[in-house]
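Visitor: The following comprises the amino acid sequence and a computationally predicted model.
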Amino acid sequence: MTVVGVIGCGAMGRGMIKNLILDGHEVLVFDINPEAVTSVERLGAIPMSSVQAVAEESTYLLLSLPTTMLVEDATIGEAGAIKVMKEGSFILDMSTTDVNSTRKIHEKAYEKGVSFFDCPVSGGPAGAENGVLTVMVGGNQGEFHQVEPVLHAIGKEVKYIGKTGSGQVVKLCHNIVVSGLVVLLSEAFLTGVKAGVPASKIAEVMQEGSAQNRVISVFGANLIGGTHENVKFLLSHMLKDIHLYMDLASDGKIPTFLGSTINQLYEIADHKGKGHLDTSAVCQVLEELSNLEIASKSVGN
Ligand SMILES: NC(=O)c1ccc[n+]([C@@H]2O[C@H](COP(=O)([O-])OP(=O)(O)OC[C@H]3O[C@@H](n4cnc5c(N)ncnc54)[C@H](O)[C@@H]3O)[C@@H](O)[C@H]2O)c1
């Protein structure tokens, strides 16, 4: 039985833990929130007292933490995992974090004989719960086969992308496009509604034409119905990913005419207290400026 440690038992970590246990692994966990720990203890996970207590027993150490800083603390910080992990063990960072930080952690782990893989995911809490996440993997290709079986316990699509940081690069590029499409759909729906056509009709035809996209499938109902409390992906999480993308583009000196606009709209939405709502709530910024709601015209009115 392989011992797998998980740091962070939140919305994403919980489902990963469940599926690792179902796959037959012994799963040791640590989280600063006792309620999160109790919830996974019920599934069969073994609670530990600290990051290092988990790390020294684990062959694979998964992290599912909210910020880059927390991932750094848990790995290369004063009381971080790398100090106590066995040579030949693996760190799999499932969080969405900064690309440069990922590369820094990789180097420090490598010096200690520990292999680090960035493994950001898409699919949300439901994907984690059902073990069907898409996992984007960056790290040493020669060792990928050693981490693949563990990743398959939690992900349906496990894609090796390239060297360390590549998984995060793909995730951030993916999410700037998703966040941007939500903004563009908001603008197009408002324009259509003002001109007398319900957004539902526009969306229906888009899904038959060249504008067809999965963002409509995921966020369309919330955009059209104004049901932003129905959270598919938190607006605050999207903003975090946009900031990471903007840092990446800035490092590469890539112009971000569109990215900057998208960033500003999500920042305004966050400043207006919409961070706890669905990503689709960014449309309310445009709605307020337009003095019009997308949901104001539905079929039949
Ligand atoms: N929620 C999503 O839809 C989603 C989708 C894809 C990727 N992600 C990424 O997955 C990661 C986790 O997201 P989430 O939604 O599960 O967040 P979450 O806030 O639900 O869970 C994070 C957990 O980490 C714990 N934690 C915080 N600091 C800690 C510390 N120092 N030591 C141990 N535990 C600590 C928290 O108590 C919490 O239980 C993030 O990087 C996020 O960007 C989230």
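Guide: Good, I have the coordinates.
Visitor: list the helices and strands the helix or strand hosting residue 15 packs on?
Guide: Here residue 15 sits within helix 11-22, counting by DSSP states H and E. Judged by 3 or more CB pairs under 8 Å, 6 or more residues apart in numbering; DSSP states H and E, the packing partners of helix 11-22 are strand 3-7, strand 26-30, helix 34-41, strand 60-63, helix 124-129, helix 144-154. Every residue, glycine included, has its C-beta placed from N, CA and C.
Visitor: That helix vs strand 26-30, what angle?
Guide: In terms of direction (axes from the mean of the first three to the mean of the last three CA atoms, to 10 degrees), helix 11-22 departs from strand 26-30 by 160 degrees.
Visitor: So for residue 6, what's the pLDDT?
Guide: In this model, residue 6 is scored at 98, pLDDT.
Visitor: now swap in residue 300 and tell me
Guide: Each residue has a pLDDT score; the one for residue 300 is 60.
Visitor: one step back: adding mean neighbour count and distance to residue 206 as columns, could you present the helices and strands packed on helix 11-22 in TSV?
Guide: Listed next are the helices and strands packed on helix 11-22 as TSV, based on neighbours: other CB atoms under 10 Å; distance: least, CB to CB, whole Å:
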stretch	mean neighbour count	distance to residue 206
strand 3-7	26	40
strand 26-30	22	43
helix 34-41	15	39
strand 60-63	26	38
helix 124-129	18	23
helix 144-154	18	33
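Visitor: Mean pLDDT lowest where, among the ones you listed?
Guide: Lowest mean pLDDT of the helices and strands packed on helix 11-22: helix 124-129, a mean of 94.
Visitor: ok, back up a step: neighbouring contacts of the helix holding residue 15?
Guide: Identification of contacts with helix 11-22 by CB atoms under 8 Å, 6 or more residues apart in numbering yields 4, 6-7, 9, 27, 29, 31, 36, 39-40, 43-45, 62, 64, 94, 121, 124-125, 127-131, 133, 150, 153-154.
Visitor: Please write out the alpha-carbon positions of it in PDB.
Guide: Output of helix 11-22 as PDB, limited to C-alpha atoms (Å, rounded to 0.1, in the frame of the first residue of the first chain):
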ATOM      1  CA  ALA A  11     -13.100  22.000  -1.900                       C
ATOM      2  CA  MET A  12     -10.600  20.300  -4.200                       C
ATOM      3  CA  GLY A  13      -8.400  18.300  -1.700                       C
ATOM      4  CA  ARG A  14     -11.400  16.500  -0.200                       C
ATOM      5  CA  GLY A  15     -12.400  14.800  -3.400                       C
ATOM      6  CA  MET A  16      -8.800  13.900  -4.300                       C
ATOM      7  CA  ILE A  17      -8.500  12.300  -0.900                       C
ATOM      8  CA  LYS A  18     -11.700  10.300  -1.400                       C
ATOM      9  CA  ASN A  19     -10.500   8.900  -4.700                       C
ATOM     10  CA  LEU A  20      -7.000   8.200  -3.400                       C
ATOM     11  CA  ILE A  21      -8.500   6.100  -0.600                       C
ATOM     12  CA  LEU A  22     -10.800   4.300  -3.100                       C
END
